[in-house]
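**Student:** model the following, please.
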Amino acid sequence: MTGMTRRGLLIGGGAGVGLVVAWNLWPRRYGVNLVAAPGETILSPFLKIGTDGHVTIVVPQVETGQGAWTALPQILADELGCDWRTVAVEPAPIGPAYANRLVAEMLAGDVAPAALRGLAIAGADRWVASHDAMLTGFSTSIRAFEQPLREAGATARALLCMAAARHWDADWRACDTDAGFVVRAPDRLRFADLAAEAARHTPPDSPPLRAPRGLSGSAVTRLDAPGKVDGTARFAADVRLTGMLFGAIRQGPPGDSRLVGWDREAAKAIPDLFAVIDHDDWIAVLADNQWAANRALDRLAPRFETRGGLADTTSIGHALDAALAEDGASILSQGDADKLIGAGAVRADYAAGLAAHAAIEPPAATARIQGDRLELWASTQVPAATRAAAARAIGFGISDVTLYPMPMGGGFGQGLDTRVAEQAAILAHRSGRPVQLTWSRVEACLHDPFRPPAKAHLAAMLGPGGSIAAWHARVAVPAALRETIARLPLSVPLGHGGEPAAVDGVLPPYAIGAFAVEHHLADIGLQTGVLRGEGAGYGTFFAESFVDELADKAGIDPLSFRISMLGANPRLAHCLSAVAILGEWQGGVRGTGQGLACYQGYGAVIAVLAEAHVDGDRIVVDRLSASVDCGRIINPDLVRQQIEGGLLFALPAAIGDPVTVTRGLVEQRRIGALGIPTLAHAPEIRVDIVASRADPGGVSGLAVPPVAPAIANAVAAATGHRCRFLTLSLSV
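**Tutor:** Predicted coordinates:
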């Protein structure tokens, strides 16, 4: 592979003139909008092959650290039969071929008006095509794109075999591929020598898929690892353009805020200052370097006016109480739970506070306008929506905007926010220069679309033998998913009542005779959003903590109590039994400091065993063990990384410092103020991954929901104190 380096491949294809297939002649639904570099042949929207032997796989999901740039290429590469050492990745351009249909179907079931949900789900495929609905999130990368990538690999393999068969005067079905060659003993031909000819063949209507050949299912090294280790990986704030200015921004408090004044003279004393640009609810400074921009912004001392009430921690609690006192929307029901819940019922109230995203990379974007075209480099989980938002912000047409999706230093749902891209576009438009805007850590904390707070009232009636005869959960919480979608330029009908996603995890995954789950919509006066684990992050805390209370009431140990209700759920029963062995379960009796919790979601199941003790007024987590069945695995190392990462990610919301609000502003304005555990204080982690033949499930958010309840149950076992508020506290 002369003149080609791994680093060069990872950067992705540049502009140039290559061979582009007449894609409209192929039996495919969407056109191809890739650019072929010199010597490259486009074989599908997901694949390009170069004459030097490199194979570029186009990835439709943003790399946020979850490993999408490795696992998704593995799928196609295995089906194609290429040499992994020649594989490069390129982020997909915006187009309908890369739309996430699975997410669209999920969202249609959650945010559409209740009367239209059936129609919305049925029409999701058409909607994603017309809106280029690309979205990374909700643990869907593998589930959404395994089949399309396998089909793309199989189609390209068939075309390459057709080209080789023509050389050999053979039936293409007698040919196969291996390590970058088409083979038919004793002959073989390189992909690189066949690609151009292969592109002229007509693929079969249903190219045969084959059993995995070793790449899919193996722990290959991450393709993005070298650049992240040696510092050459480029993020949105690493872009450098000729004549580029650096921006610093100060935004008004969340709510109906407007800029009312600033010190116009103070900033002029800062060298390298270029301009001060004000907007309705923010003000920004542009300078030749970031330090000068930050200093000038501080000297401006901008002042804002906020109309309406200012939320604080107390008012948020009152808003949740008020919502819980009103009638709720029925989300899930079976039988007549209320009729069964009477005298002798077990009841408990639970609550959860705000939870921050705290991604290591603050929001950032770089914008350049040349003539009537905008170029945008952005870290975003929604590339098409970000492009549309930036275009709208400066009055450009969508077709006049080119967005280059950059890798993200963690997204966790904050990447669904398009504000920084809109602001960068406005600054470039008004200044006439390329602009890079990076929010300060304080801005990122103040304007984080937090996971919403929630309050729940749970009631249950035990049945014969310790079963749960009836379960009723009433949850007051904002509709954070609907709020998130409403902020995006997606033109989708939104409901106004209960939101299923808001009460995810509130119904535990056990056999329960009758149940009812209600969502009481709350308006807390503060913007909320989606966080890794989504609503199950608090819903599972409510449910699995309450399950332990029921086990105690029934006089049955927590493990046996759960297992007895999992006869119809063998996958979760296996994980629960496995984690008991892995974590050395001692029966959950007082003094053991051990707690269990389960979660079922994303097409996968997980059981977590926490071991904790109390040091003064501090909860210390000593060990977290997890057993996971996430179906057929593409890359076991990536699965393990995501489970271990999810367990650690959940700790700040579980035992960190609570997020509090005063006069509309969050008081925790640095990552260090969130109580994120350091390496020295991180618990021991044990992970068991179950070998499974089930369809692949999602893992990015899977480990987050059961952590808090497992720790709460461990604290109860250690001290007898039941923590019913998240973050966990011995005083609440």
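**Student:** okay, domains of this protein per the record?
**Tutor:** 6-99+134-226, 236-307+363-438, 326-356+449-726 (automatic domain parsing).
**Student:** reformat those as TSV; add mean pLDDT, distance to Arg126 and mean neighbour count.
**Tutor:** Every C-beta, even on glycine, is put in place using the N, C-alpha and C of the backbone. TSV is the format used below for the domains of the chain (pLDDT from 0 to 100; distance: least, CB to CB, whole Å; neighbours: other CB atoms under 10 Å):
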stretch	mean pLDDT	distance to Arg126	mean neighbour count
domain 6-99+134-226	87	10	20
domain 236-307+363-438	96	16	20
domain 326-356+449-726	96	12	21
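**Student:** out of the ones you listed, flag the one nearest Leu119.
**Tutor:** Nearest of the domains of the chain to Leu119, taken as CB to CB: domain 326-356+449-726 at 9.7 Å.
**Student:** bridging residues for the residue nearest to Leu72 when sequence neighbours are not counted?
**Tutor:** Distances taken as CB to CB, 6 or more residues apart in numbering place Val59 nearest to Leu72, at 5.1 Å, with adjacent residues excluded. When bridges are called by DSSP bridges, Val59 pairs up with Pro91.
**Student:** make TSV out of the domains of the chain and add distance to Leu116.
**Tutor:** As requested, the domains of the chain are exported to TSV (distance: least, CB to CB, whole Å):
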stretch	distance to Leu116
domain 6-99+134-226	20
domain 236-307+363-438	21
domain 326-356+449-726	6
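**Student:** please report how far the nearest residue to His131 once chain neighbours are set aside lies from Leu135.
**Tutor:** In space, and not counting its chain neighbours, His131 is closest to Leu490: 6.3 Å by CB to CB, 6+ apart. From Leu490 over to Leu135 the distance is 10 Å, taken as CB to CB, to the nearest Å.
**Student:** can you list residues touching both of the two?
**Tutor:** Common contacts of Leu490 and Leu135 (CB atoms under 8 Å, 6 or more residues apart in numbering): Ala385.
**Student:** hmm, Gly344 is touching Met461, no?
**Tutor:** Yes - assessed by CB atoms under 8 Å, Gly344 is found in contact with Met461 at 7.0 Å.
**Student:** the spatially most central residue of the chain: what's it in contact with?
**Tutor:** For the chain, the residue nearest the mean C-alpha position is Gly137 (3.2 Å; CA atoms, centre = their mean). With contact taken as CB under 8 Å, 6+ apart, Gly137 is in contact with 103, 381, 411, 413, 415-416, 530.
**Student:** could you dump the residues you listed into JSON lines with distance to Ile142 and secondary structure added?
**Tutor:** Listed next are the contacts of Gly137 as JSON lines, based on distance: CB to CB, whole Å; DSSP: H, G, I helix; E, B strand; the rest coil:
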{"residue": "Val103", "distance to Ile142": "13", "secondary structure": "helix"}
{"residue": "Gln381", "distance to Ile142": "16", "secondary structure": "coil"}
{"residue": "Gly411", "distance to Ile142": "17", "secondary structure": "coil"}
{"residue": "Gly413", "distance to Ile142": "18", "secondary structure": "coil"}
{"residue": "Gly415", "distance to Ile142": "18", "secondary structure": "helix"}
{"residue": "Leu416", "distance to Ile142": "20", "secondary structure": "helix"}
{"residue": "Val530", "distance to Ile142": "19", "secondary structure": "coil"}
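**Student:** got a list of what Ala114 touches?
**Tutor:** Neighbour list for Ala114: 329, 495, 497-498 [criterion: CB under 8 Å, 6+ apart].
**Student:** quick one: contacts for the residue located most distally from the centre of the chain?
**Tutor:** The centre of the chain is farthest from one residue, Asp169, which by CA atoms, centre = their mean lies 49.3 Å away. Applying CB under 8 Å, 6+ apart, we find Asp169 in contact with no residue.
**Student:** could you check how far it is from Ala712?
**Tutor:** Shown here: Asp169 relative to Ala712, a distance of 71 Å by CB to CB.
**Student:** quick check: longest helix in this protein by residues?
**Tutor:** The longest helix of the chain (DSSP state H) is helix 141-168.
**Student:** strand partners of whichever helix or strand comes after that one, parallel vs antiparallel please.
**Tutor:** Sequence order places strand 176-178 as the next helix or strand after helix 141-168, per DSSP states H and E. In the sheet, strand 176-178 lines up against strand 181-184 (antiparallel) (DSSP bridges).
**Student:** as CSV, could you dump the C-alpha coordinates of the partner strand?
**Tutor:** Extracted C-alpha coordinates of strand 181-184, given in CSV (Å, rounded to 0.1, in the frame of the first residue of the first chain):
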residue,chain,number,x,y,z
PHE,A,181,-9.1,-11.1,-2.5
VAL,A,182,-11.7,-12.8,-4.6
VAL,A,183,-10.8,-16.4,-4.6
ARG,A,184,-11.6,-19.5,-6.6
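**Student:** elements contacting whichever helix or strand comes after that strand?
**Tutor:** For strand 181-184, the following helix or strand on the C-terminal side (DSSP H and E) is strand 187-190. Packed against strand 187-190 by the contact rule (3 or more CB pairs under 8 Å, 6 or more residues apart in numbering; DSSP states H and E) you find helix 141-168, strand 181-184.
**Student:** chain center to the longest one: distance?
**Tutor:** In terms of CA atoms, centre = their mean, to the nearest Å, the centre of helix 141-168 is found 28 Å from the chain centre.
**Student:** try stretch 634-651
**Tutor:** For stretch 634-651 - counting by CA atoms, centre = their mean - the centre lies 13 Å from the chain centre.
**Student:** please apply the same query to stretch 440-458.
**Tutor:** The answer for stretch 440-458 is 16 Å, by CA atoms, centre = their mean.
**Student:** endpoints of it, how far apart?
**Tutor:** In stretch 440-458, first residue to last residue: 41 Å (CA to CA, to the nearest Å).
**Student:** hmm, Arg188 and Asp176 touching each other?
**Tutor:** No - using CB under 8 Å, Asp176 is not in contact with Arg188; the gap is 9.8 Å.
**Student:** can you list residues touching both of those two?
**Tutor:** Shared contacts of Asp176 and Arg188 (CB under 8 Å, 6+ apart): Val182.
**Student:** helix/strand/coil for the residue nearest to Gly533 when sequence neighbours are not counted?
**Tutor:** Among residues not flanking Gly533 along the chain, Val704 sits closest, at 3.2 Å (CB to CB, 6+ apart). Classification of Val704 using DSSP: H, G, I helix; E, B strand; the rest coil returns coil.
**Student:** surely Val704 meets Gly535?
**Tutor:** No - contact criterion CB under 8 Å: Val704 and Gly535 do not qualify, at 11.1 Å.
**Student:** chain center to stretch 372-380, what's the gap?
**Tutor:** Between the centre of stretch 372-380 and the centre of its chain there are 22 Å (CA atoms, centre = their mean).
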